[in-house]
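A.B. asks: Pasting the sequence and the predicted model now:
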Amino acid sequence: MRRKLAAGNWKMNGTAASLEEIRKLQSILPNGGPDVVICPPTTLLFSACSATEGSGIQIGAQDCHAETDGAYTGDISGEMIADTGARYVILGHSERREAYAERNRDVRHKTSTAWHAGLTAIICIGETLEERETNATLDVIAGQLASSLPDAITADNTVVAYEPIWAIGTGKVPTQAQIVEVHDFIRSKLVARFGAQIADQIPLLYGGSVKPDNAATIFEAENVDGALVGGASLKADDFAPIIHALADS
Ligand code: PEP
């Protein structure tokens, strides 16, 4: 049995007042449900860790530097994230790949550093609309997997999130057949490279406009083990039904 995981990416949203949403979420989580991770902005890592201590919710960051320390003004390292009590970090989100020109090899280096700090990396991959429309999706996914994932992967240190870029924040969701095809493909690539014993245990998340009304259908796919959720993770009343749908899947 693979573990199920619902991760919320708050992006550049949230102030101290937003911790109330995390507290509210704790009170409406299903018993014995999936793993739940909230990735607030860096400014809230410490306080979010305190607010969730002893609860079923883990905290994650949204990026880290590829080096452990040094003269990198404005950046934070994996060790610093771990120091806050956070246990996860999102790496290679398409918004960072696009806005900061992050390449697969940057994601691979960041992942190794994050692992070194004891963090679990949520590694994002996904195609653009143009790549989807020119039937390049599987080639793009294969390339991102090959170059973004370090060799020392385990089911404890890594989660892979398939996030078609054209579905992020747009309200557009791939067909169920497209979701199934890509997730099955990712699993087969992981098995080919890392062997079934490791690959079969790595959680695969779908991300891109997951909402309370489409989550249950998305979670029907055999190789979808959860979701990376942006907009709908900001409010407990939106995120909780997604988590419940995952628990019921
Ligand atoms: C995301 O930012 O990773 C994401 C999936 O966003 P949204 O759910 O808002 O599409």
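C.D. replies: That came through, no problem.

A.B. asks: Now for this protein: which helix has the highest residue count?
C.D. replies: Ranked by number of residues, the top helix in the chain under DSSP state H is helix 176-194.

A.B. asks: And the spatially most central residue of the chain, how close does it get to the ligand?
C.D. replies: Nearest to the mean C-alpha position of the chain, by C-alpha atoms, centre = their mean, lies I122 at 4.3 Å. I122 sits 9 Å away from the ligand, going by C-beta to the nearest ligand atom, to the nearest Å. Just so you know, the C-beta spots here come from the backbone N, C-alpha and C atoms, and that holds for glycine as well.

A.B. asks: Tell me if that residue really is in a strand.
C.D. replies: Yes: using DSSP: H, G, I helix; E, B strand; the rest coil, the assignment for I122 is a strand.

A.B. asks: for the longest helix of the chain, packing partners?
C.D. replies: Contacts defined by 3 or more C-beta pairs under 8 Å, 6 or more residues apart in numbering; DSSP states H and E place helix 176-194 against helix 137-148, strand 158-162, helix 196-199, strand 204-207, helix 215-218.

A.B. asks: Kindly reformat the ones you listed as JSON lines containing mean pLDDT and mean neighbour count.
C.D. replies: Shown next, in JSON lines, are the helices and strands packed on helix 176-194 (pLDDT from 0 to 100; neighbours: other C-beta atoms under 10 Å):
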{"stretch": "helix 137-148", "mean pLDDT": "98", "mean neighbour count": "17"}
{"stretch": "strand 158-162", "mean pLDDT": "98", "mean neighbour count": "26"}
{"stretch": "helix 196-199", "mean pLDDT": "97", "mean neighbour count": "14"}
{"stretch": "strand 204-207", "mean pLDDT": "98", "mean neighbour count": "25"}
{"stretch": "helix 215-218", "mean pLDDT": "98", "mean neighbour count": "20"}
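
A.B. asks: Which residue is the nearest non-sequential neighbour of the residue in the chain that the ligand sits nearest to?
C.D. replies: Here the residue of the chain nearest the ligand is G230; by C-beta to the nearest ligand atom that distance is 2.2 Å. Counting by C-beta to C-beta, 6 or more residues apart in numbering, the nearest residue to G230 once its immediate chain neighbours are dropped is N9, at 5.1 Å.

A.B. asks: give me phi/psi at that neighbour?
C.D. replies: Main-chain dihedrals, N9, degrees, to the nearest 10: phi -110, psi 110.
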